[in-house]
Structure formats: structure tokens, C-alpha cells
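**Q** no FASTA, just this:
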DNA sequence: GAGAATTTGTTTGATCCCCAAACAATCTCC
DNA sequence: GGAGATTGTTTGGGGATCAAACAAATTCTC
């Protein structure tokens, strides 16, 4: 049952954790996420990285259905519903009736949504600049390339 | 209001997304997470990456308090409570009474917890091998190093 | 063309993660 | 000894996530 142990050390031993890709990935991701939230909060905007990705996808693929969007985001279609509800309530996007398929909604940004997205994109660029401040342009290219490899590599199993 | 748009393209345009560190990071992270879950499910074990990290931390720092652990994990101490509850119910760890400070719990793995962790660590190694199958050993070192830079870089703002 | 099977968006239900605020027990500091 | 801080817990409020069931609409099959 594990003996009641001694004193907690001042600094923590992380064992094998720092050598694990999954662990380091999670920490970097969390730091990036924090800076993203921070950047937007400071600018008086409220948006998550996921919402930004969604808006970009809808902007660049206007008319796509909720199923197609859910698939692109890697989430269930039922998960997408409340997310779209919120974005729609904020006046950023709309569910249009599809002229060709009565089952689907044709998603599109509103004009306000497009304006907001331009604003958001500026913030994201500033955010990216900041989180990459420790890295050279070449390093960023390498990093993105390796991450892409991890993504496609793990996916193909 | 956004005009009701045309036809959804077969393949999605991701715009600037693939050039964003945050986006690529999130996708890699998600793929890794999926493979982690898959690896454990196939072995008939149930564990999340977060739980694994927690167990390693407790194992390597037996006797540490919930506050110290929460800080190391970057979560609120109230968030930690139900997580520990579950792990404790599974018989993997225990909250001991601290002999020196009546407020704190001295966390430690049980013997079953240590045995389980050894089993988990084997699975994690197999998982790491798989997700890094597309990368050379040198690339993994570079990747981990760059991710660490991102983490500490973003943290210091 | 009529009926069967599939697809889509939605609702509901279940877990889970997260934080903030409040609380009792305990410790620390004066 | 008493004021103030710390620790673990509970409660309340958001969300994210999936699975299952459903109605409406489309596609497939005969």
C-alpha cells in the first residue's frame, strides 16, 4: 500500500517526461494557448484558437455544410452545433438554406464576421510573432515541418 | 449578412492556418493524443496522457502535496481533486496524512500503482516509437528542443 | 415511381476539464 | 494567543466531447 513518504523536494523531478514527445508537445501547446487567450483578452476580444480556425475555414470555404466542417475540425457533428450557435448569436456567421440539398446548411460569414476575422487575423499574427520570438525563421519552418510529419505519421495508423 | 454562397469544394482550403504554429501544434497534439488513447485501449488499459504525467510526477516525488502537484501540472487545485479521487478509487495512489503539516496530503503511489505505472510506461514507449516513426532520432531531438523553446519563450511574457 | 436505406442537423444524456468563490481545518507569524 | 495565510474540498458555472435517438430530406433499389 505504499509507505507514508518523507519530505517533498523543492524542485520537481519529472522523470522521463521531458524526453516524451507527447509531454513536450502538450506543454508547448498549453503555453501557446495561454498566449493566444492573453493576446485576445488584452485587445478586448474573446476568441479561442478553435473558433479562429473555424472562422477561417468558413471564410475560405463559404457554403460548406456542418458535416464537412465537423470532419475538417475532427469533431462530431453534434459537438459543432452549440459552437455554431454561439458564433451565430455573436453575428459572425449564418446558416443559410442550401438550394441544392435541403438537409444541409450552407455556412458563411456575415459581413460583420468578415470584418471581425480580419481583426482577429491581425491579433493572431502578433501572437504568432510573440510565441516564436525565441526561434529563427528557419527554426519555425523546421518546427512546422516536423509537426506536420508527426501529424500525418500518427494519423496513418 | 453574407450572400447565400455557391457549392462546397471537395477539398478544403485552410488558408493561412497551415503556416500558423498554433494550428499545426494543435493538430499534431491531437493526433498524438488519439494514438495514445488507441495504444492503451488496445492493451485493455484506460489512461489519459494527463493521468500518466500525474502518476510519473507522484512516483518521482513521493510525498508531495496536492498544491505542489497542481502547480506542476498547471491546473487549479480544485481541478485536481476529482482527478485524484478517480485514481485513488482505482487503487493507484493514496492520500497519506502528512506528519509535518496537517493541512496537506502526502501523495504516493500504491504498490499496485507502481506496478501499473511500469506497465503504462511500456505502452507509452511503444506509443512514442509509433508517433515518431516518420522521424529520425536527430529530428526528434530537434523537435523536442524547439518545442521546449516555444514553451519557455511563450511562458516568459 | 414507391419504399428502403442513408445522410444531415439537432436534442438529450453522460463524462470530463477548467476556473472562481466560499469554507473549515491547520499552520505561521507577530 | 490571535490575525492572516495556506490547503484540500465543495459548489456553481462554462465548455468540449461523444453516443444515441429523431425528424426531415436525399439517394438507392427494385
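**A** All right, it came through fine. Quick caveat: nothing in here was measured; it's all calculated off a predicted structure.
**Q** hey, let's count contacts and neighbours off CA atoms from now on
**A** Fine.
**Q** do the least confident helix or strand in chain A by mean pLDDT and chain B meet at all?
**A** Lowest by mean pLDDT, DSSP states H and E among the helices and strands of chain A is helix A:137-155, with a mean of 91. Yes. Interface with chain B: helix A:137-155 contributes A:139-140, A:143-144, A:146-151, A:153-155 (C-alpha under 8 Å from any C-alpha of the partner chain).
**Q** what residues does chain A put near DNA strand D?
**A** A:74-80, A:82-83, A:100-103 (C-alpha under 7 Å from any atom of the strand).
**Q** recalculate using a threshold of 6 Å.
**A** Neighbours of DNA strand D within chain A, by C-alpha under 6 Å from any atom of the strand: A:75-76, A:78-79, A:83, A:101-103.
**Q** could you list every helix and strand in contact with the least confident helix or strand of chain A?
**A** helix B:21-42, helix B:111-131, helix B:137-155 (3 or more C-alpha pairs under 8 Å, 6 or more residues apart in numbering or on different chains; DSSP states H and E).
**Q** give the buried residues for that helix.
**A** A:140, A:142-151, A:153-154 (16 or more other C-alpha atoms under 10 Å in any protein chain shown).
**Q** of those, which is the nearest to residue A:133?
**A** residue A:140 (9.9 Å; C-alpha to C-alpha).
**Q** shaky segments in chain A?
**A** Low-confidence segments of chain A, defined by pLDDT under 70: A:1-10, A:157.
**Q** so who does residue A:105 touch?
**A** A:63-66, A:95-98 (C-alpha atoms under 8 Å, 6 or more residues apart in numbering or on different chains).
**Q** buried residues, stretch A:51-60. List them.
**A** For stretch A:51-60, using 16+ other C-alpha under 10 Å, the buried residues are A:52-60.
**Q** can you list contacts of that stretch?
**A** By C-alpha under 8 Å, 6+ apart, stretch A:51-60 touches A:64, A:69, A:73, A:107-109, A:114, A:117, A:120, B:12-15, B:17, B:23.
**Q** buried subset of those as a PyMOL selection?
**A** Selection of the buried residues among the contacts of stretch A:51-60 in PyMOL, burial being defined by 16+ other C-alpha under 10 Å:
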select buried, (chain A and resi 64+69+73+107+108+109+114+117+120) or (chain B and resi 14+23)
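**Q** ok, back up a step: just the buried members of the residues of chain A next to DNA strand D?
**A** The buried subset of those (16+ other C-alpha under 10 Å) is empty.
**Q** inside helices: which ones of those?
**A** A:78-79, A:83 (DSSP state H).
**Q** let's have those in TSV, adding distance to chain B.
**A** Output for these, formatted as TSV (distance: C-alpha to the nearest C-alpha, whole Å):
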residue	distance to chain B
A:78	19
A:79	16
A:83	18
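**Q** ok, those residues vs residue A:47, which is closest?
**A** Among those, and counting by C-alpha to C-alpha, the member closest to residue A:47 is residue A:83, at 11.6 Å.
**Q** contacts for the least confident helix or strand of chain A?
**A** Contacts for helix A:137-155 (C-alpha under 8 Å, 6+ apart): A:132, B:19, B:21, B:24-25, B:27-29, B:31-32, B:35, B:130-135, B:139, B:143, B:146-147.
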